[in-house]
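Novice: Below is the sequence, then the predicted model.
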Amino acid sequence: MNAARGPVWHQKQKKQGIVPNGLRNLDRQATWSYSLADGWIYGHGTFCLATHEIPVLGVFVWMPNSAHEAKRLANEIVRYPGLIETVCMDSKADDQKLYFGLKANYRIRLITRPRRGKNKSASRKTMIREMWTPANRKIFRQRNTTVEPMQGLVKQLFDLERCWMHGNENNRWLFATMGVAVQMAQRLAWLNHQSTWNIKHFVFGV
């Protein structure tokens, strides 16, 4: 999540469409969301995919802060039939329909941390038994050194703790451009047998 450019529009006032007097430079299209890491953020979100074996950015695109990440995940990965065998995501992807759908239709193994207290149905117990094995947990832990830092790399390179522009469309093309710039730089680094993390000089030419 990335904080909106300009002031915060409090949730109750946003729902009512009330803009307090003196609240200028407001991004009216930004949305509210909450995470354990960042707390409540008024702004715009990014959806990020990264490869596990070689740390390279796959996708970095705009999405609303309040959007459903698991549904976005399904839309993104089914574009690459035969190329993806396993995909890992946080507990927001803990969805039986998503798990069994990817397995049956695309032969993709979804690994995500099961939420506590939700293993009541027989199908859900089957999903957890198949998915949350010791071997899969080991794979899942790779997210700590690949996916999460990758999103942080993009944000650090472009000082993206706060959005550069207002509005959905502006941030949509800007975030996509940032993602492509990182992908191009990481390809150059990989071809030169260099780290795909240390790419600032490839992105900015310094």
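Specialist: Here it is on my side, so go on.
Novice: hmm, who's touching the helix or strand hosting Asn136?
Specialist: Using DSSP states H and E, Asn136 falls within helix 134-140. With contacts defined as C-beta atoms under 8 Å, 6 or more residues apart in numbering, helix 134-140 is touched by 52, 86, 88, 109, 111-113. In short, each C-beta sits where N, CA and C put it, glycine included.
Novice: how near is Lys92 to Pro55?
Specialist: 22 Å (C-beta to C-beta, to the nearest Å).
Novice: how about low-confidence regions in the protein?
Specialist: 66, 118-119 (pLDDT under 70).
Novice: Scan it for its longest helix.
Specialist: In the chain, assigned by DSSP state H, the helix with the most residues is helix 168-191.
Novice: What are the boundaries of the helices in the protein?
Specialist: 11-16, 69-77, 96-106, 122-131, 134-140, 147-157, 168-191, 200-204.
Novice: ok so, going back, between Lys92 and Pro55, who's got more neighbours?
Specialist: Just comparing Lys92 and Pro55: by other C-beta atoms under 10 Å the higher neighbour count belongs to Pro55, 19 against 16.
Novice: what angle sits between the longest helix of the chain and helix 147-157?
Specialist: Taking axes from the mean of the first three to the mean of the last three C-alpha atoms, to 10 degrees, one finds helix 168-191 and helix 147-157 inclined to each other by 110 degrees.
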